[in-house]
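J.: structure here, sequence nowhere to be found:
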DNA sequence: TTTGGAGGTAAATAATATTTACTCATTTGA
DNA sequence: TCAAATGAGTAAATATTATTTACCTCCAAA
């Protein structure tokens, strides 16, 4: 095995880092390959050495973020018993992630869904993985009698996912601040107990 | 006043119609001005006569759709009493709209949110109008004792909006069929009563 | 009758993404 | 130990696409 096999080349790292930096302030579409290359301090050609195209680079950044997210989710759920408690925690973790990782939030909420390639990307594969975790909690809850058994699990998942995402949208778009703890508490309560008096 | 002041020129109509047709099958980003011009049977320059740029045309198409939607929503709510009943209806109407207007669904769920201009567009203004209608129903429900008064209205709105949108996403992306009546029934029940047994 | 504006066009230009052909340095295996 | 191979990186050409410009034509109204 060669010495450098496990090392990521510095140029590649700089490109990824530049993408993250630029997405902090600007829209993916508004970024040019030239912008990215200049910010990274590399030439435009090098970007194409490591990534198929601009979008592939975006998906890569998202994938890295999501990997961290999944590791964290896994940790966060350790030692928690009961579907309700797990759900509470996973909602909190999701909101916390969106809240403290603006670039991540913006990529996934605003930037990727408009291309077909995304749905074939590795990043999307991780999203599906998260979905399965959530779905398993829901099924556990139904089987154990904590959740209603007359609602299809997929609908429940959509409600949870959709509510979280929509609640974090304004923050992602307009930079509005939200308190993670408060948002998590209210959203969990709302989903568990409904809005009817 | 001149005769033609109220008439929309045929070229403009053809451009809008071409955009709608193309969005039926393809992504906004993948459409070129040339594609649109050829499909419309006009020259590329004409598109810029009527629209600031490609995105402005997209926003216009969305705006037209949304205008129809708001008219329909207004009609649908006529004669309905009580916040719960209104909510039930507005959820049904929203799902029905996404279900039967694929292009509309795809534009609003997938295509527009990734640009700053959208949030200054007339189309977004209409979305805010819809939001206010929804918010008014929620406030009516709280004031009248139909809904809980310990949840902030904005959170409730986000939950409703988010749940509906996420439930319609797969249909928009993968063309998966969904029964409007069934989806509306389940989502309404879920939001009103929660998922806890 | 003429003039000004609206609908429309063709072709030039500008902005960007992507490809190609090439260094240079390091590693490897014979 | 040394040619061949490989990987990082570059510079410049090319291709694609959005956008602008300058123009034409027709017709309603003054």
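T.: Cool, the structure landed. Note that this is a predicted model, so its numbers are computed, not measured.
J.: domain ranges for chain A?
T.: As assigned by automatic domain parsing, chain A contains the domains A:1-50, A:53-193.
J.: and among those, the most buried is which?
T.: domain A:53-193 (a mean of 18; mean count of other CB atoms under 10 Å in any protein chain shown). Every C-beta, even on glycine, is put in place using the N, C-alpha and C of the backbone.
J.: circling back: export the domains of chain A as CSV, with columns for mean pLDDT.
T.: Converted to CSV, the domains of chain A look like this (pLDDT from 0 to 100):
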stretch, mean pLDDT
domain A:1-50, 87
domain A:53-193, 97
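J.: looking at these, which is nearest to DNA strand D?
T.: Closest approach to DNA strand D among the domains of chain A is made by domain A:1-50 (2.3 Å; CB to the nearest atom of the strand).
J.: check whether the helix ranked longest in chain A contacts DNA strand D.
T.: Determined from DSSP state H, the single longest helix within chain A is helix A:54-77. No. Counting by CB under 7 Å from any atom of the strand, DNA strand D has no neighbours in helix A:54-77; the shortest distance is 13.0 Å.
J.: which residues sit against that helix?
T.: A:15-16, A:19-20, A:23, A:28, A:31, A:33, A:36, A:47, A:50-51, A:86, A:89-90, A:92-93, A:97, A:101, A:103-104, A:107-108, A:111-112, A:115, A:117-118, A:121-123, A:126-127, A:129-130, A:133 (CB atoms under 8 Å, 6 or more residues apart in numbering or on different chains).
J.: that one close to DNA strand C?
T.: Yes. Using CB under 7 Å from any atom of the strand, helix A:54-77 comes into contact with DNA strand C via residue A:54.
J.: please apply the same query to stretch A:24-41.
T.: Yes. Applying CB under 7 Å from any atom of the strand, one finds stretch A:24-41 in contact with DNA strand C at A:31-34.
J.: and those residues, which two are furthest apart?
T.: A:31 and A:34 (9.1 Å; CB to CB).
J.: C-terminal to the longest helix of chain A, what's the next element?
T.: helix A:83-100 (DSSP states H and E).
J.: so what does that following helix touch, helix or strand wise?
T.: Here helix A:83-100 touches helix A:54-77, helix A:102-106, helix A:122-143, helix A:153-174, helix A:180-193, going by 3 or more CB pairs under 8 Å, 6 or more residues apart in numbering or on different chains; DSSP states H and E.
J.: I'd like to check what contacts that helix. Which residues are they?
T.: The contact list for helix A:83-100 (CB under 8 Å, 6+ apart) reads A:69, A:72-73, A:76-77, A:80, A:104-105, A:109, A:133-134, A:137-138, A:140-141, A:144, A:146-147, A:160, A:164, A:167-168, A:171-172, A:178, A:180-181, A:183-184, A:187-188, A:191-192, B:196.
J.: and the angle from it to helix A:122-143?
T.: 150 degrees (axes from the mean of the first three to the mean of the last three CA atoms, to 10 degrees).
J.: so what touches stretch A:22-30?
T.: A:31, A:35-36, A:39, A:54, A:58, A:61, A:102-103, A:106-107, A:111, B:114-116.
J.: that stretch and DNA strand D in contact?
T.: No. Taking CB under 7 Å from any atom of the strand as the criterion, stretch A:22-30 and DNA strand D are apart, separated by no less than 10.5 Å.
J.: what's stretch A:153-163 in contact with?
T.: A:87, A:91, A:131, A:134-135, A:138-139, A:142, A:147, A:187, A:190-191, B:158-159, B:162-167, B:169, B:183, B:186-187, B:190-191, B:195.
J.: run the chain-centre distance for the longest helix of chain A.
T.: Taking CA atoms, centre = their mean, to the nearest Å, one finds the center of helix A:54-77 at 6 Å from the center of the full chain.
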